[in-house]
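1. Any chance you can model this:
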Amino acid sequence: MDHDREACANERADRPVDVAVAVLLRHDGCFLLGRRAPDTVFGGYWEFPGGKCESGEAPRQALARELAEELGIRVRRARRWITREYAYPHARVRLHFFRVSDWDGEINDHVHAALSWQHPDRITVSPLLPANGPVLRALALPDFYGITRAGEVGAARQLAELKAAIASGLRLVQLRERTLPPHERVAFASEAVAICRAGGARVLVNSDVALAAQLGADGVHLNAEALARCRERPPLPLVAASCHAAGELAAAASLDLDFAVLGPVRPTASPPERPALGWTRLAALIVACPLPVDALGGLRRADLAAALEHGAHGIAGIRAAWSKD
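-> Residues are numbered from 1 along each chain as shown. Predicted coordinates for the structure are as follows:
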């Protein structure tokens, strides 16, 4: 990514330098990093490919041009993902990240000192450019987020469904049991956390920071009311929030949360009073969001492709998590 090299001669301005950044993804989940040449700013650091947007150039256009120049490939599919700002000593940059899953040509580096395919769970190169820490954590998030409903179907059935879903690949779960009596909720959450731990899935407790810490869950998922009351990030490894509008997304970003869930995309029975956003509105709300955002509300697993095309990280679901769809 040549934003450091090209911007280093400029004084820091109020307006950030726009940069298009490519997260090239292989089918095995690995992504490409390049090591900056030794004679550049941050020489020897590892970065995602990409570069500065030229005057009048949209980030998607800059992405295609930079990847052709740096790697000799032609982009066939690039999905807008997250947008983050970062202040380096010499420049402030606005990084437009795209997930690139399809391209023509063989990768041949023309800029970096070295290239390396890395997996989100096994980063073996260092040092990394400081702006990329949150991005690497976001890459480790799965593209489906299951939400429990024990209050509706019963704890025993939900625990059985949870165990089966984890065996089939579910890797991120929210325990959203606000309607269970307190003692039943604690008992259910305790068993659910144990199932997730045994199956290699991460688990968040809805809005109850103390219970999440007590049970050794991975983190907490703040509902909209808890998010509105929150003044600092809860001290847990993984923190998410439910959002329905731009202000809530901004609040989640200001707390430096790990991801957000936005919806409903389609009309739902719970809660029926919230109007559906639709895909176009969802895309407009998250286009400049610094956090990965999962789409929620009336969605099936088959809607994942549409969610990705509209800039979402993935989808979240209650019924979709436990159905055969």
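2. correct me, but residue 261 touches residue 299?
-> No: between residue 261 and residue 299 there is no contact, the gap being 11.0 Å when judged by CB atoms under 8 Å. Using the backbone N, CA and C atoms, a C-beta is placed for each residue, glycine as well.
3. Find residues that contact each of the two.
-> residue 316 (CB atoms under 8 Å, 6 or more residues apart in numbering).
4. low-scoring pLDDT stretches of the stretch 201-325 of the chain, where are they?
-> Judged by pLDDT under 70, the stretch 201-325 of the chain has its weakly predicted residues at 270-273, 325.
5. Which residue ranges of it form helices?
-> Per DSSP state H, counting those that start in this stretch, the stretch 201-325 of the chain carries helices over the ranges 209-215, 224-229, 246-254, 278-286, 304-309, 319-322.
6. Pull out the buried positions in the first one.
-> Of the residues in helix 209-215, those scored as buried under the neighbour-count criterion (16 or more other CB atoms under 10 Å) are 209, 211-212, 215.
7. Next, the contact list for residue 317, please.
-> Here residue 317 is in contact with 144-147, 296, 299-301 (CB under 8 Å, 6+ apart).
8. what's downstream of the helix or strand that contains residue 134, the next helix or strand?
-> Secondary structure assignment for residue 134, by DSSP states H and E: helix 133-139. Following helix 133-139 in sequence order, the next helix or strand is strand 144-147 (DSSP H and E).
9. Adjacent strands (with direction) for that next one?
-> Strand 144-147 has the following sheet partners, assigned by DSSP bridges: strand 172-175 (parallel), strand 314-317 (parallel).
10. for the residue nearest to the spatial centre of the chain, what are its contacts?
-> Centroid-nearest residue in the chain: residue 292, 2.9 Å away (criterion: CA atoms, centre = their mean). When contacts are counted by CB under 8 Å, 6+ apart, residue 292 touches 81-82, 138, 141, 258-260, 313-314.
11. try 6 Å this time
-> 82, 138, 259, 313 (CB atoms under 6 Å, 6 or more residues apart in numbering).
12. and residue 81, how far is that from residue 259?
-> Separation of residue 81 from residue 259 (CB to CB, to the nearest Å): 12 Å.
13. whoops, residue 134 was the one
-> 10 Å.
14. neighbour count winner among these two?
-> residue 259 (24 against 16; other CB atoms under 10 Å).
15. any idea how far residue 206 is from the closest residue in space to the more buried one that isn't next to it in sequence?
-> Leaving aside its sequence neighbours, residue 259 sits nearest to residue 292 (CB to CB, 6 or more residues apart in numbering; 4.6 Å). Taking CB to CB as the measure, residue 292 falls 19 Å from residue 206.
16. Equivalent analysis for residue 142, please.
-> 18 Å.
17. Of these two, which one has the most company?
-> residue 206 (22 against 15).
18. how much space between the more buried one and residue 55?
-> The value you get for residue 206 to residue 55, if CB to CB is used, is 47 Å.
19. what do you get for residue 71?
-> 23 Å.
20. Residue 67 against residue 76, yeah?
-> No: between residue 67 and residue 76 there is no contact under CB atoms under 6 Å: 10.8 Å.
21. can you pull out the strands in the stretch 101-250 of the chain?
-> 114-118, 144-147, 172-175, 202-206, 219-222, 238-243 (DSSP state E, counting those that start in this stretch).
22. Rebuild those as TSV, extending it with distance to residue 320.
-> Below are the strands of the stretch 101-250 of the chain laid out as TSV (distance: least, CB to CB, whole Å):
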stretch	distance to residue 320
strand 114-118	30
strand 144-147	8
strand 172-175	13
strand 202-206	17
strand 219-222	17
strand 238-243	16
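23. Among the ones you listed, which comes closest to residue 14?
-> Nearest of the strands of the stretch 101-250 of the chain to residue 14, taken as CB to CB: strand 238-243 at 27.9 Å.
24. Tell me the helices and strands packed up against the closest one.
-> strand 219-222, helix 246-254, strand 259-262 (3 or more CB pairs under 6 Å, 6 or more residues apart in numbering; DSSP states H and E).
25. ok, so of the contacts of residue 317, who is nearest residue 191?
-> Out of those, the member with the shortest distance to residue 191 (by CB to CB) is residue 146, at 15.7 Å.
26. pretty sure that closest one contacts residue 321?
-> Yes: using CB under 6 Å, residue 146 is in contact with residue 321, at 3.3 Å.
27. Could you measure from the spatially closest residue to residue 246 that is not a sequence neighbour over to residue 263?
-> Excluding the flanking residues, the one nearest residue 246 by CB to CB, 6+ apart is residue 285, at 5.7 Å. Distance, residue 285 to residue 263, by CB to CB: 10 Å.
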